[in-house]
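>>> next comes the sequence, and after it the predicted model I'd like to discuss.
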Amino acid sequence: MGSILMARMLPPCGGDTSWSCNITAYNALSAPLQKLLDGLTAFHDFRKSFPVERYGNEEKWAEAVKNTPPTVHPVVRVHPVTGKKGLFVNSGFTTRIVELTKGESDLLLEYLFAHSGRPEFTVRWRWSVGDVAFWDNRLTQHYALADYMPHRRIMNRATVLGDVPKGPLS
């Protein structure tokens, strides 16, 4: 449902976080594309963002894979409180649109990932130590800019579990 992030240690420059509004991104699509997307579903797999190399421990990674299997979600999600539609795909987890060929899926996802990240759909936060951000994960995406190496950025994060995503045709 949501996530909370608190800045503990920050680099001297960089390390901002951006969020995109997937309701606004969906609303900016043409009506024919919205209609197509409303009936599609997609595979989501955490291994796309978290390969075994990032864990450094194959046993822990295998346990994470077992506890977080790939799943299918609607490409367009309906917010359970507002009833608004928004894109529910992201480059970190969405691997394939089920109803399309691989080629069609790859092209459409590439477009949707780029579309969601357009500046007019995003906000960027420049952190100060102690800042806290709380956002609704259901129809937003966040991205931590990795522009601060070799310095460190330490954040504490908590995630509030939510509901099962429902699409407009569910």
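Yep, that arrived.
>>> which of the helices and strands in this protein ranks last by mean pLDDT?
helix 52-55 (a mean of 78; mean pLDDT, DSSP states H and E).
>>> next secondary structure after that helix?
Sequence-wise, the next helix or strand downstream of helix 52-55 (DSSP states H and E) is helix 58-67.
>>> in the helix or strand following that next one, what's buried?
The C-terminal neighbour of helix 58-67 among helices and strands, as given by DSSP H and E, is strand 71-74. Within strand 71-74, the residues scored as buried using 16 or more other C-beta atoms under 10 Å are 73-74. To be clear about C-beta, it is placed using only N, CA and C from the backbone, and glycine gets the same treatment.
>>> ok, the helix or strand following strand 71-74: who's next to it in the sheet?
As assigned by DSSP H and E, the chain's next helix or strand after strand 71-74 is strand 76-78. Strand pairing for strand 76-78, using DSSP bridges, gives strand 85-87 (antiparallel).
>>> after the partner strand, which helix or strand is next?
Past strand 85-87, the next helix or strand by DSSP H and E is strand 94-97.
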